[in-house]
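> This is a predicted model, with the sequence first.
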Amino acid sequence: MASVHSDTAAPAPTSDGGPRSGPWGTRAVKILVAGGFGAGKTTLVGAVSEIRPLRTEEVLSERGRPVDDTVGVETKRTTTVAMDFGRIDLQPALALYLFGTPGQDRFWFVWDELARGALGAVVLADTRRLADSFPSVDYFEQRGIPFVVAVNCFEGTEVYAPDDVRAALDLPAAVPVLLCDARRKEDGKELLIRLVEHAAVRLGLRL
Amino acid sequence: MSEPEPTEATPADAPADLSGETASEPTEASAGAVDAVSADAVTGDGADAVIVNLPGGGGGQESADEPSIDLFTPRTPVDDRWFDDDAGPVVRLFAMTRGRAARPVDDGLFDLISLVTAAGPAVVGPGGVPGNLALDPEHHAILALCREEPLSVAELGSYTDLPVSVVRVLLGDLHDAELISVTRPVQLAHQPDERLLRDVINGLRAL
């Protein structure tokens, strides 16, 4: 601890603008793309934006410890988490960031950071492994984060009606369930639009 | 990241005196496999369990009466050999941050989508920085990236190929030295912003 961090000072530094008052008035929003392993998260992010890898090194917290069993490896105190993210420039000064959530349950602590301030989430579901999307659905339900469920229609799989998927996932009627092909940009756009509309309703806004 | 391991090393790291019990594993391979990883695994002091390191590089199983064998989870980089970039940067991350761990993220200053803009003079000479901050190449790299346009913390991590946690420490330095300005993202849950959501939807439709 060589220096005094600004977070030790109580008031926010005055050089920071408030939200939306920053340089050139640029605004940024984020949407999470969640779902089980292989459900198409990376595909979806890549279909609508230029995808980039992102990693972080986190000190293992108490929360992470039960799953990150470090018995016998006491020197390993950090873990590396890799994610995908993409940026969509919606206007000259409005950027939408998409974050593919890390798949493993042991990275929940990263989800908490990703989810803070998120506009909402797309939960990708594969009907062959529907149970894989339960943790994501639970996560966003518990935290009151608006989400839509997108059934990624893989080639050669049986197509289910959205209502069947809704019933199987025990989702409230208000949660949109959509069929999509995660490789198609148009589908990705539609998903995101539906999510933002859903989020607006949840926030009590009329667009 | 994941270099496939030689087949003969795929079975568990078995304690040396038990290698005869794992039929598929030649003794030499077993001896070769007893490296850094198995040093963690050999904690069961000769119990008759084949000890497999847990997925996620968690290391060995402590209790010998609960052998954990998971042959289906992909091996993690912990037990892979590291080549090239996988071996990590030449300058170790803790050296880059001079041993400082990631700053607390709870203040939200360096949210993944906080937008950062270089605010100081284009050329920072020696001694020209408030707080006597000696700028490292990574500081300069960050400043150069966000001089033309605001970039998110996530993008800075991706472009510099540094973990976000390290970027946050470096950004903290730059912020303390008043060389950057930071715009926090809108917290939609606290301040629903009708215009923002409408702009997002219109922007998506126009893609």
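Arrived safely.
> Determine the longest helix present in chain A.
helix A:185-202 (DSSP state H).
> what's that one in contact with?
A:31, A:44, A:47-48, A:96, A:119-122, A:146-148, A:150, A:174-176, A:178, A:180-182, A:206-207, B:188, B:194, B:197, B:200-201, B:204-205, B:207 (CB atoms under 8 Å, 6 or more residues apart in numbering or on different chains). (Each C-beta comes from the backbone N, C-alpha and C, glycine too.)
> How far away from the center of its chain is it?
14 Å (CA atoms, centre = their mean, to the nearest Å).
> one step back: selecting buried members of the contacts of helix A:185-202 in PyMOL, what would you type?
Buried residues within the contacts of helix A:185-202, by 16 or more other CB atoms under 10 Å in any protein chain shown, are selected in PyMOL with:
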select buried, (chain A and resi 31+44+47+48+96+119+120+121+122+146+147+148+150+175+176+178+180+181+182) or (chain B and resi 188+197+200+201+204+207)
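> Any regions of chain B where pLDDT drops low?
Applying pLDDT under 70 to chain B flags residues B:1-107, B:120-133.
> again, only using 90
Applying pLDDT under 90 to chain B flags residues B:1-109, B:119-136, B:148-149, B:165, B:176-178, B:184-193, B:207.
> Over to chain A?
A:1-26, A:36-38, A:50-84, A:92-93, A:101-114, A:116-117, A:154-160, A:203-207.
> Give me the most central residue, it.
Taking CA atoms, centre = their mean, the centroid of chain A lies closest to residue A:32, which sits 1.9 Å from it.
> list the contacts for it?
Counted by CB under 8 Å, 6+ apart, residue A:32 has contacts A:98-101, A:111, A:114-115, A:118, A:120-122, A:145.
> ok, 6 Å please
A:99, A:101, A:114, A:118, A:121 (CB atoms under 6 Å, 6 or more residues apart in numbering or on different chains).
> where's the fourth one, which helix or strand?
Same thing as residue A:118. Here residue A:118, judged by DSSP states H and E, is contained in no helix and no strand.
> Verify the stated contact: it with residue A:30.
Yes. Counting by CB atoms under 6 Å, residue A:30 is a contact partner of residue A:118 at 5.2 Å.
> List the pairing partners of the longest strand seen in chain A within its sheet, with orientation.
For chain A, the longest strand by residue count, based on DSSP state E, is strand A:78-91. Sheet pairing of strand A:78-91 (DSSP bridges) gives strand A:50-59 (antiparallel), strand A:94-100 (antiparallel).
> I'd like to know which of these lies nearest to residue B:164.
With CB to CB, the closest approach to residue B:164 among the strands paired with strand A:78-91 belongs to strand A:50-59: 4.0 Å.
> Show me which positions of the closest one end up buried.
In strand A:50-59, counting by 16+ other CB under 10 Å, buried: A:51-52, A:54-58.
> What of stretch A:186-205?
A:187-200, A:202-203, A:205.
> How far away from the center of its chain is it?
14 Å.
> Can I get it in PDB, CA atoms only?
Output in PDB follows, covering the C-alpha atoms of stretch A:186-205 (Å, rounded to 0.1, in the frame of the first residue of the first chain):
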ATOM      1  CA  GLU A 186     -31.100  -9.500 -36.900                       C
ATOM      2  CA  ASP A 187     -32.200 -11.900 -34.200                       C
ATOM      3  CA  GLY A 188     -29.700 -10.400 -31.800                       C
ATOM      4  CA  LYS A 189     -31.000  -6.900 -32.500                       C
ATOM      5  CA  GLU A 190     -34.500  -8.100 -31.900                       C
ATOM      6  CA  LEU A 191     -33.600  -9.700 -28.600                       C
ATOM      7  CA  LEU A 192     -31.900  -6.600 -27.400                       C
ATOM      8  CA  ILE A 193     -34.800  -4.400 -28.400                       C
ATOM      9  CA  ARG A 194     -37.300  -6.600 -26.600                       C
ATOM     10  CA  LEU A 195     -35.100  -6.600 -23.600                       C
ATOM     11  CA  VAL A 196     -34.800  -2.800 -23.400                       C
ATOM     12  CA  GLU A 197     -38.600  -2.600 -23.900                       C
ATOM     13  CA  HIS A 198     -39.100  -5.100 -21.100                       C
ATOM     14  CA  ALA A 199     -36.700  -3.200 -18.900                       C
ATOM     15  CA  ALA A 200     -38.600   0.000 -19.600                       C
ATOM     16  CA  VAL A 201     -41.800  -1.500 -18.400                       C
ATOM     17  CA  ARG A 202     -40.100  -2.900 -15.300                       C
ATOM     18  CA  LEU A 203     -38.700   0.600 -14.600                       C
ATOM     19  CA  GLY A 204     -42.200   2.100 -15.000                       C
ATOM     20  CA  LEU A 205     -41.300   4.000 -18.100                       C
END
